[in-house]
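Q: Below are the sequence and a predicted model for it; my questions follow.
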Amino acid sequence: MITPERLQGIIDKFEGIERQLGDPDVIRDPRKLQELSREHARLRALVEVARAYARVHTERAQALELAGNSPDPEMRQLARQEADELHLRQEELRVELETLLVPPDPLDEKSTIVEIRAGTGGDEAALFAADLARIYQRYAERQG
């Protein structure tokens with residue numbers, strides 16, 4: 001469940017990391033700087049979506065309040081339509097947040113060694129092994 005307190009905790013952690021990245025002691029320590037930079041990069045997308053979610057949540061609450069309190073029936077109808085649109089956007093952001101809140105796999109940061117050998121088959125096997133190696137290399141480059 002996504003709670004405002006949990007989202008605020010993530011935002012606070014992100015802002016704390018940003019402050020630490022500006023600290024001269026951290027800048028002098030390459031290992032700490034690298035660790036904080038990775039965490040900062042990992043949290044950036046999550047924080048952007050969390051802020052958007054909070055903004056849409058607030059706008060929807062305001063639209064619902066206007067829909068319930070406005071003396072003008074046309075204004076109430078427009079506010080209800082806006083609240084419905086914001087509800088759909090809020091659900092999209094909620095799904096995206098849930099995806100981003102899944103903890104990363106600890107093996108994602110590790111290197112991988114792939115060995116490709118040409119088997120029996122002579123030149124054809126060597127050509128296939130070379131093509132396969134190029135495919136894996138390009139895929140790895142695109143994935144970072």
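A: Good, I have the coordinates.
Q: helix or strand right after the helix or strand bottoming out on mean pLDDT in the chain?
A: Across the helices and strands of the chain, the lowest-confidence element by mean pLDDT, DSSP states H and E is helix 24-28, at a mean of 86. Once helix 24-28 ends, the next helix or strand along the chain (criterion: DSSP states H and E) is helix 30-69.
Q: Please identify the buried residues of the helix or strand that comes right after that following helix?
A: The helix or strand immediately downstream of helix 30-69 is helix 73-100, counting by DSSP H and E. Going by neighbour count (16 or more other Cβ atoms under 10 Å), the buried part of helix 73-100 is 79, 82-83, 86, 89-90, 93, 96-97, 100. C-beta coordinates here come from the backbone N, C-alpha and C atoms, glycine included.
Q: Ala63 reaches Glu82, doesn't it?
A: Yes. Assessed by Cβ atoms under 8 Å, Ala63 is found in contact with Glu82 at 4.6 Å.
Q: Does Ala50 touch Leu7 like I think?
A: Yes. Using Cβ under 8 Å, Ala50 is in contact with Leu7, at 4.5 Å.
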